[in-house]
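**Student:** Return a 3D structure for these sequence lines:
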Amino acid sequence: MWTGVLPAVTTKFTADGALDHAEMERCFALQMKAGCDGLIVCGSLGEGPMLSPDERLAVLKTAQSVAEGKPVLLTVSEAGTREACALAARAAKAGAAGLMVVPSPIYHTDADETVATLGAVAAAGDLPVMVYSNRVAYRVDVTVPIMERLASDSRFVAIKESSDDIRRTTEIINHFGDRFAVLTGVDNLAFEALSVGAVGWVAGLVVAFPEETVAIYRLMKAGRYAEALEIYRWFRPLLDLDVSTFLVQNIKLAEALAIGSTEHVRMPRKPLSGERRAAVEAIVRTALERRPSLKLAA
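**Tutor:** Numbering: from 1, shown residues only. Next up, the predicted model:
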């Protein structure tokens, strides 16, 4: 149902902290122009927890306006199941194509609680669901046995696999076949995951480098692995910026340098400064200087 490159887009703010819908329209449109296959809004990279429910629905609407009919998913990542269900229901009314659901970002649910909360959110929204499994960031691991318990509900169609264990992709495919679409959610494991059968890439650095991200995915699907790997090796220092406590600031700085966007974030985050900023800026500028030609990747 969902395949290809799905950017987990950043949320744009004005200098005074308001939503910058004009800049979001511009940046989201760049993703579509590059050939991305949909958009995911208000995730971790999109600073979803810093947005009110009304703001998240406003970002969803902006994304829908430029998505050219491609799917736009809203991230549901609430501390409480009740609040998650309420947001899922509102997303459905707003025309979201689906939900990306974090089981429990604050309280660390056990297996029974994980299944129960995911089931409740799916029922409330009654939309297709991509489960976001990220045991590193949220310490809730959606394992194969848990997915087995979700498999009878047809609303669960995909998993964003971010366990940081590349073996998990093969384990899911071996166990379920094509029951769940497996999308990799770790930028610097994307080549590895796609090479063993992941059908999509929920990407972060794509927001600054959309053409290169799409080129890697399309080359992989065409079996042109050596060409994809060449671009991926160039991309790796940038992709590592996604695996950081400062991923939002890292990637917004990359956007500023690569596509002329803004770095405004919501507190408690602040834009990068000092040595950390200098290090990230050096990585991005070096990549821009050595940017590969994509003419042969078409």
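**Student:** Tell me where the model's unsure across the protein.
**Tutor:** 296-298 (pLDDT under 70).
**Student:** May I have the residues that are in contact with residue 163?
**Tutor:** Neighbouring residues of residue 163 by CB atoms under 8 Å, 6 or more residues apart in numbering: 133-136, 141. Every residue, glycine included, has its C-beta placed from N, CA and C.
**Student:** again, but for residue 206
**Tutor:** 5, 7, 31, 36, 213-214.
**Student:** Give the buried residues for the helix or strand hosting residue 57.
**Tutor:** When elements are assigned from DSSP states H and E, residue 57 belongs to helix 53-66. Neighbour counts over helix 53-66 (16 or more other CB atoms under 10 Å) mark 55-60, 62-64, 66 as buried.
**Student:** which secondary structure elements does the helix or strand following it contact?
**Tutor:** Next helix or strand after helix 53-66 toward the C-terminus (DSSP H and E): strand 72-76. Secondary-structure packing of strand 72-76 (3 or more CB pairs under 8 Å, 6 or more residues apart in numbering; DSSP states H and E): strand 39-41, helix 53-66, helix 81-93, strand 98-101.
**Student:** Of the ones you listed, which is nearest residue 75?
**Tutor:** strand 98-101 (4.7 Å; CB to CB).
**Student:** now the helix holding residue 57 against strand 72-76, angle please.
**Tutor:** 160 degrees (axes from the mean of the first three to the mean of the last three CA atoms, to 10 degrees).
**Student:** could you give the angle of helix 53-66 to helix 81-93?
**Tutor:** Using the same axes, to 10 degrees: helix 53-66 against helix 81-93 is 30 degrees.
**Student:** Please state the offset of helix 53-66 from the chain centre?
**Tutor:** For helix 53-66, the distance from its own C-alpha centre to the chain's C-alpha centre is 16 Å (CA atoms, centre = their mean, to the nearest Å).
**Student:** So what touches it?
**Tutor:** 9, 11, 19, 21, 24-25, 28-29, 32, 39, 41-42, 46, 48, 51, 72, 74, 86-87, 90-91, 94-96.
**Student:** what's the answer for stretch 259-278, then?
**Tutor:** 12-15, 17, 20, 23, 26-27, 30, 47, 50-51, 208, 246, 248-250, 252-253, 255-256, 280.
**Student:** Just the buried ones from these?
**Tutor:** By 16+ other CB under 10 Å, those give 12-13, 20, 23, 27, 30, 47, 50-51, 208, 248-250, 252-253, 255-256, 280 as buried.
**Student:** Am I right that residue 195 is in contact with residue 226?
**Tutor:** No. In this structure residue 195 lies outside contact range of residue 226 using CB atoms under 8 Å: 11.7 Å.
**Student:** roughly how far out does stretch 284-298 sit from the chain middle?
**Tutor:** 22 Å.
**Student:** what's the helix or strand for residue 218?
**Tutor:** Using DSSP H and E, residue 218 falls in helix 210-221.
**Student:** tell me the strands in this structure, going along the chain?
**Tutor:** 4-7, 39-41, 72-76, 98-101, 129-133, 156-161, 181-184, 200-203 (DSSP state E).
**Student:** Tell me which other helices or strands the shortest one touches.
**Tutor:** Same thing as strand 39-41. By 3+ CB pairs under 8 Å, 6+ apart, strand 39-41 packs against strand 4-7, helix 53-66, strand 72-76.
**Student:** Dump the ones you listed to TSV, plus distance to residue 147.
**Tutor:** Shown next, in TSV, are the helices and strands packed on strand 39-41 (distance: least, CB to CB, whole Å):
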stretch	distance to residue 147
strand 4-7	20
helix 53-66	26
strand 72-76	18
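**Student:** do you know which of those lies nearest residue 285?
**Tutor:** strand 4-7 (22.3 Å).
**Student:** Work out the sheet partners of that closest one and label each with its direction, please.
**Tutor:** According to DSSP bridges, strand 4-7 has the following sheet partners: strand 200-203 (parallel).
**Student:** Identify the residues contacting the strand it pairs with?
**Tutor:** 2-8, 37, 40, 100, 130, 158, 160, 181-185, 187, 190, 193-194, 213, 217.
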